[in-house]
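In: Would you be able to build a 3D model of this:
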Amino acid sequence: MSPTFRSLSIRNYRVYAIGSLISNVGTWMALTAQAWLVLVLTGSGSALGVTVALQLLPTLLLSPLGGVLADRFAKRTVLRVMQVMMAVPAAVLGVLAVTGVVATWQVFVLAFVFGIGRALEAPSRQSFVPEMVGRDELGNAVALNSASFNAGRLIGPAAAGLLIAALGGGVVGTGWVILVNAASYGAAFLALSMLDQDRLTPTPVIAAGRGAIREGVRYVRSRPDLVLVMWCVFFLGGFGMNFQITSALMATDEFGKGASEFGVLGSALAVGSLAGSLLAARRARPRLRFIVLSGLAFSVVQIASGLMPTYYTYMAVLPLVGMSVLTMATTANAMIQMTSAPVMRGRVAALYVMVFIGSVPFFAPGIGWVAETLGPRTALVSTGMLGGLGILAVTTWYLRHSDRQDVTWRRAALDLRWEHARRADLRGRPDSGGRLRLPQRLREHRAVGSGHDRDATPVR
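Out: Sure thing, here's the model as predicted:
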């Protein structure tokens, strides 16, 4: 099997990936339909920004709780419960739209309820992958998860746009598309139920008690490499993950296009995103400089997209935008999964999701206002510049505060290393005596013989 798809040779992961792909297609169809529904109801870019913010706000507020759930309960059980929790608001919104009684405030409320399920589900979904594939194939499986997500982005928006247009381009058409998404969660639920539990390798669960979230935060703060990654994905999420707003307004306001052309833009973006995910899947180990450079590449192509003169030139640049975003995000995700201590993996994944996806509500209403007031081109150029400056600033901080003060800045910048990567399972920074400062629960876990400390091979 090609090294790009080697994780699919594992039966459990193959079943899981099929269910996820179906669900991802439905999700992207619904996101496209929801954006179009808000534009039909309000004609407002600001309202579209509020919808995106409300849907993602629970990620910012509840992801740490989702991380605790992932570390405290069986992840497969959590995932099955959350499929139902996400299907219900999608079904309600679809019925309201099909019957023609939907109002904007209902879209806002149901987007927020859906976001709650998504926030609680994401950490378990991220940290469940190692239980199916093991450490050796983890990086590849994480990248293929992103490829599945972006295959859904490739198929979903175009299918949604064509279906909405075929049904008249109005509210009713969006409702039927959203109902398709509600049904797609059944595929994910079925795939989770079909997994061979004897072939799973569950990670140890933590005992109930206070301080689990604070413990996860302390763990990340003890790792300067994780701090750098979190800041990079914060800038990428906040300034780069507002495609529902910018592409919708570029299609309608700048180019005078309709629902089907808007859907095609989403698929063009997904072509590059899928390519970026597959590119990351071929890499055996994540590199820090790969994350930083792909983030800076995103800044450049985001600015370029805002300067494109026609619908077709704008569409031609979108694959490069998608490739840079997903190359960075997939590599960062693989890094936190591969280098976090097993008992901390759910909480670290939760913080990653909170920072990456949860940063969007901070900026979505403002970006929507800028796009509506000053034009979507201004929004694209300004967000590209701000994202790039943010990544440069945090990389400079990392170089100044890393433990590699014996080398020149130029050499450090060309060879960014993971600080303490996989040293004693990457559980912390060494203290003055060379020992690792471990949180109390990690010390207890180590004392009962986890066996992970034997792996002391450094990662670059």
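
In: For the longest helix anywhere in the chain, the averaged confidence score.
Out: Using DSSP state H to assign secondary structure, the helix with the most residues in the chain is helix 11-42. For helix 11-42, the mean pLDDT works out to 90.

In: just stretch 378-398 next, same as before
Out: 90.

In: Name the residues of that stretch that come out as buried.
Out: Within stretch 378-398, the residues scored as buried using 16 or more other CB atoms under 10 Å are 379-388, 390-391, 394-395, 398. Quick note: C-beta positions are derived from backbone N, CA and C, even for glycine.

In: what does stretch 130-137 give?
Out: Quick answer for stretch 130-137 (16+ other CB under 10 Å): 130-133, 137.

In: Name the pair among these with the greatest separation in space.
Out: Spanning the widest gap among these are 131 and 137, at 12.0 Å by CB to CB.

In: that older thread, pLDDT check: weakest of the buried residues of stretch 130-137?
Out: residue 137 (75).

In: That residue contacts residue 8, correct?
Out: No. When contacts are counted by CB atoms under 8 Å, residue 137 is not listed as touching residue 8 (9.8 Å).

In: quick one: low-confidence parts of the stretch 251-400 of the chain?
Out: The model of the stretch 251-400 of the chain has pLDDT under 70 over residues 259, 280-286, 358.

In: Would you map the helices across it?
Out: 259-281, 288-306, 311-339, 345-356, 360-373, 376-401 (DSSP state H, counting those that start in this stretch).

In: Buried deepest among those helices, which one?
Out: helix 345-356 (a mean of 27; mean count of other CB atoms under 10 Å).

In: Once you drop chain neighbours, what's closest to residue 391?
Out: Counting by CB to CB, 6 or more residues apart in numbering, residue 295 is the residue found nearest to residue 391 once chain neighbours are left out, at 4.4 Å.

In: contacting residues for the one you found?
Out: Contact analysis of residue 295 by CB atoms under 8 Å, 6 or more residues apart in numbering lists 232, 235-236, 324, 328, 387-388, 391.

In: ok, the residues you listed vs residue 117, which is closest?
Out: The closest of these, once distances to residue 117 are taken by CB to CB, is residue 236, at 23.8 Å.

In: Surely the closest one is within a helix?
Out: Yes. Residue 236: assigned to a helix according to DSSP: H, G, I helix; E, B strand; the rest coil.

In: Hmm, it is touching residue 328, no?
Out: Yes. Under the criterion of CB under 8 Å, residue 236 makes contact with residue 328 at 5.9 Å.

In: what's the nearest residue to residue 377 if we skip its chain neighbours?
Out: residue 306 (4.6 Å).

In: Which residues are in contact with the one you found?
Out: 376-381, 384.

In: thinking again about what came up before, got the angle for the longest helix of the chain vs helix 259-281?
Out: 150 degrees (axes from the mean of the first three to the mean of the last three CA atoms, to 10 degrees).

In: right, and the helix or strand after helix 11-42?
Out: helix 45-72 (DSSP states H and E).

In: Give me the buried positions along that next one.
Out: 45-60, 62-72.

In: So residue 231, which state does it fall into?
Out: helix.

In: In contact with it, which residues?
Out: 355, 390-391, 394.

In: Let's see that with 10 Å instead.
Out: 355, 390-391, 393-395, 397-398 (CB atoms under 10 Å, 6 or more residues apart in numbering).

In: ok, back up a step: give the intersection of the neighbour lists for residue 137 and residue 8.
Out: What both residue 137 and residue 8 touch, as defined by CB under 10 Å, 6+ apart, is the set residue 144.

In: JSON lines for the helices of the stretch 251-400 of the chain, including distance to residue 183?
Out: Below are the helices of the stretch 251-400 of the chain laid out as JSON lines (distance: least, CB to CB, whole Å):
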{"stretch": "helix 259-281", "distance to residue 183": "19"}
{"stretch": "helix 288-306", "distance to residue 183": "34"}
{"stretch": "helix 311-339", "distance to residue 183": "27"}
{"stretch": "helix 345-356", "distance to residue 183": "25"}
{"stretch": "helix 360-373", "distance to residue 183": "26"}
{"stretch": "helix 376-401", "distance to residue 183": "33"}
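
In: you'd agree residue 314 is up against residue 305?
Out: Yes. When contacts are counted by CB atoms under 10 Å, residue 314 is listed as touching residue 305 (6.1 Å).

In: Which residue ranges of the stretch 51-200 of the chain form helices?
Out: Counting by DSSP H, counting those that start in this stretch, the helices of the stretch 51-200 of the chain are 75-98, 104-133, 138-166, 171-194.

In: wait, which of the ones you listed is closest to residue 221?
Out: helix 104-133 (18.2 Å).

In: packing partners for the closest one?
Out: Applying 3 or more CB pairs under 10 Å, 6 or more residues apart in numbering; DSSP states H and E, we find helix 104-133 packed against helix 11-42, helix 45-72, helix 75-98, helix 138-166, helix 171-194, helix 311-339, helix 345-356.

In: Next, format the ones you listed as CSV and append distance to residue 363.
Out: Supplementary listing: these in CSV, determined by distance: least, CB to CB, whole Å:
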stretch, distance to residue 363
helix 11-42, 17
helix 45-72, 9
helix 75-98, 24
helix 138-166, 20
helix 171-194, 25
helix 311-339, 15
helix 345-356, 13
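
In: Could you point out which of these sits nearest residue 368?
Out: Here helix 45-72 is closest among the helices and strands packed on helix 104-133 (CB to CB), at 2.4 Å.

In: Which strands or helices does that closest one pack on?
Out: helix 11-42, helix 75-98, helix 104-133, helix 212-221, helix 243-249, helix 345-356, helix 360-373.

In: could you dump the ones you listed to TSV with distance to residue 271?
Out: Below are those laid out as TSV (distance: least, CB to CB, whole Å):
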stretch	distance to residue 271
helix 11-42	13
helix 75-98	26
helix 104-133	24
helix 212-221	33
helix 243-249	13
helix 345-356	21
helix 360-373	22
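
In: closest to residue 152 out of these?
Out: helix 11-42 (2.8 Å).

In: tell me the angle of that closest one relative to helix 171-194?
Out: 160 degrees.

In: I'd like to know which elements helix 11-42 is packed against.
Out: By 3+ CB pairs under 10 Å, 6+ apart, helix 11-42 packs against helix 45-72, helix 75-98, helix 104-133, helix 138-166, helix 171-194, helix 243-249, helix 259-281.

In: How far away from the center of its chain is that helix?
Out: 14 Å (CA atoms, centre = their mean, to the nearest Å).

In: what do you get for stretch 89-103?
Out: 27 Å.

In: switch to numbering from 49
Out: Taking 49 as the first residue, the last one we looked at is stretch 137-151.

In: Any idea which of the helices of the stretch 299-448 of the chain gets closest to residue 233?
Out: Per CB to CB, nearest to residue 233 of the helices of the stretch 299-448 of the chain: helix 393-404, 18.6 Å.

In: How far away from the center of its chain is the closest one?
Out: Distance, centroid of helix 393-404 to centroid of chain: 10 Å (CA atoms, centre = their mean).

In: for it, packing partners?
Out: Checking 3+ CB pairs under 10 Å, 6+ apart, helix 393-404 ends up next to helix 93-120, helix 123-146, helix 152-181, helix 260-269, helix 272-288, helix 359-387.
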